[in-house]
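1. Generate a structure from the sequence data that follows.
(chains A and B)
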There are 2 protein chains.
Amino acid sequence: MNTVKSLLLGTALSIAATGAYADLKPEDAIKNRKAGYNVMSWNMSKIKGMVIDNPESFDAKQVANAANAIAAVANMGMGALYIPGSEESIGDMKTRAKKEIFTDKEGVKEVAIKFNQAANELAKVAATGDKIVIAQAFKDTGASCKACHDKYRKD
Amino acid sequence: MNTVKSLLLGTALSIAATGAYADLKPEDAIKNRKAGYNVMSWNMSKIKGMVIDNPESFDAKQVANAANAIAAVANMGMGALYIPGSEESIGDMKTRAKKEIFTDKEGVKEVAIKFNQAANELAKVAATGDKIVIAQAFKDTGASCKACHDKYRKD
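-> This next block holds a predicted model:
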């Protein structure tokens, strides 16, 4: 929970004091958000490939590295990137975020906590190399991604 | 070194067997590469803000999370994204990769190993919360980023 609290609260509280955030342009906030989701999506697809679609290609080290990337991005403070001015696409920098993600703090907190817990669990079990347990944690993580997409992402 | 070997060799060797890679379009390979670099860049800028530019804003947990994100992306197998067809920009999907990154395997291996070692060291020392040691590891990581940019990235 400390990690999740850090993500949701600590990061937001210290935005003003941190140079890297103070200068962040809305288009760069969108860019960084999309980069984080892209890294997670690519690594989810790799795990899916090695655990679900093509289990004979299972490589414990690669699955663990992919799960670590997902968890690390989940823990890096994406919430701080939903800054004023980044609610809508800016030129070529498109965002599919619904406006509710900027206003529904309780709802966002709920899906974010569930996602962070699932991603950290996936990284934890990936380190064991147990394909069956990893497959379940992968599905749980995917479900927690979808829960947020369904609520806060445009089609 | 195992992680580095996995990045450079293991990933490449198992590309053919892994569904997630087999279907990767060149434009998506570029997109995923850029997302990885973007996540690392944003987290480097956060660490710089909290360790170099504005040290009174230092937050050990945030620095550790940022360093973990950089290391996890460094370990996730970016080398596998330099696939045939992704040498040049494709429409709006721009790449600044020089063609040498696709051909100079020994040179790429050298900068990649140095970068991975620096990024993993940064994550290791970030976990200690020692600002002075983190600052040095941050500079070493930045230097290893620059070594690759100077050699393999267009301006």
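
2. just to confirm, which helix or strand has A:D140 in it?
-> Following DSSP states H and E, one finds A:D140 within helix A:131-152.

3. Figure out how far stretch A:50-69 is from the centre of its chain.
-> 18 Å (C-alpha atoms, centre = their mean, to the nearest Å).

4. returning to what we had before: near chain B at all, the helix holding A:D140?
-> No. Figure legend: helix A:131-152 not in contact with chain B (C-beta under 8 Å from any C-beta of the partner chain); closest approach 12.4 Å. Placement of C-beta: from N, CA and C, glycine included.

5. mind listing what's buried in that helix?
-> A:131, A:134-135, A:137-138, A:140-142, A:144-145, A:148, A:152 (16 or more other C-beta atoms under 10 Å in any protein chain shown).

6. Can I get that helix as CSV, trimmed to CA atoms?
-> The C-alpha trace of helix A:131-152 is given here as CSV (Å, rounded to 0.1, in the frame of the first residue of the first chain):
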residue,chain,number,x,y,z
LYS,A,131,3.7,-20.6,-15.3
ILE,A,132,0.3,-21.5,-13.9
VAL,A,133,0.5,-18.9,-11.1
ILE,A,134,1.9,-16.3,-13.6
ALA,A,135,-1.0,-17.0,-16.0
GLN,A,136,-3.5,-16.2,-13.2
ALA,A,137,-1.7,-13.1,-12.1
PHE,A,138,-1.5,-12.0,-15.8
LYS,A,139,-5.3,-12.4,-16.2
ASP,A,140,-5.9,-10.5,-13.0
THR,A,141,-3.6,-7.7,-14.2
GLY,A,142,-5.4,-7.6,-17.6
ALA,A,143,-8.7,-7.4,-15.8
SER,A,144,-7.5,-4.4,-13.7
CYS,A,145,-6.3,-2.7,-16.9
LYS,A,146,-9.7,-3.2,-18.5
ALA,A,147,-11.6,-2.0,-15.5
CYS,A,148,-9.8,1.4,-15.9
HIS,A,149,-10.2,1.5,-19.7
ASP,A,150,-13.9,0.7,-19.5
LYS,A,151,-14.4,3.6,-17.1
TYR,A,152,-11.9,6.3,-18.1
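
7. Which residues does stretch A:135-144 contact?
-> A:44, A:47-48, A:51-52, A:70, A:111, A:114-115, A:117-119, A:121-122, A:124-126 (C-beta atoms under 8 Å, 6 or more residues apart in numbering or on different chains).

8. now it: mean pLDDT?
-> Mean pLDDT, stretch A:135-144: 98.

9. With stretch A:36-55 instead?
-> Here the average pLDDT along stretch A:36-55 is 97.

10. Give me the buried stretch members for that stretch, please.
-> A:36-40, A:42-51.

11. out of the contacts of stretch A:135-144, which touch chain B?
-> Applying C-beta under 8 Å from any C-beta to those, those adjacent to chain B are A:K48.

12. Among the contacts of stretch A:135-144, name the buried ones.
-> Using 16+ other C-beta under 10 Å, the buried ones in the contacts of stretch A:135-144 are A:44, A:47-48, A:51, A:70, A:111, A:114-115, A:117-119, A:121-122, A:125-126.

13. Can you flag which of the contacts of stretch A:135-144 belong to strands?
-> Judged by DSSP state E, the subset of those located in strands is empty.

14. Flag the shaky bits of chain A, pLDDT-wise.
-> A:1-22 (pLDDT under 70).

15. Dead centre of it: give me the residue that sits there.
-> A:A74 (4.1 Å; C-alpha atoms, centre = their mean).

16. Contacts only, for that one.
-> A:7, A:40, A:115-116, A:119-120.

17. Which of those residues sits closest to B:N32?
-> For the contacts of A:A74, the minimum distance to B:N32 (C-beta to C-beta) is 10.9 Å, reached by A:M40.

18. Show me what the helix or strand that contains that closest one is packed against.
-> A:M40 is part of helix A:26-48 when elements are defined by DSSP H and E. Identification of packing neighbours for helix A:26-48 by 3 or more C-beta pairs under 8 Å, 6 or more residues apart in numbering or on different chains; DSSP states H and E yields helix A:60-74, helix A:105-126, helix A:131-152, helix B:19-22, helix B:26-48.

19. want to try CSV for those helices, with distance to B:A66 as columns?
-> Below are the helices and strands packed on helix A:26-48 laid out as CSV (distance: least, C-beta to C-beta, whole Å):
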stretch, distance to B:A66
helix A:60-74, 9
helix A:105-126, 16
helix A:131-152, 22
helix B:19-22, 27
helix B:26-48, 4
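
20. Relative to A:K25, which of those is closest?
-> Judging the helices and strands packed on helix A:26-48 by C-beta to C-beta, what sits closest to A:K25 is helix B:26-48, at 12.2 Å.
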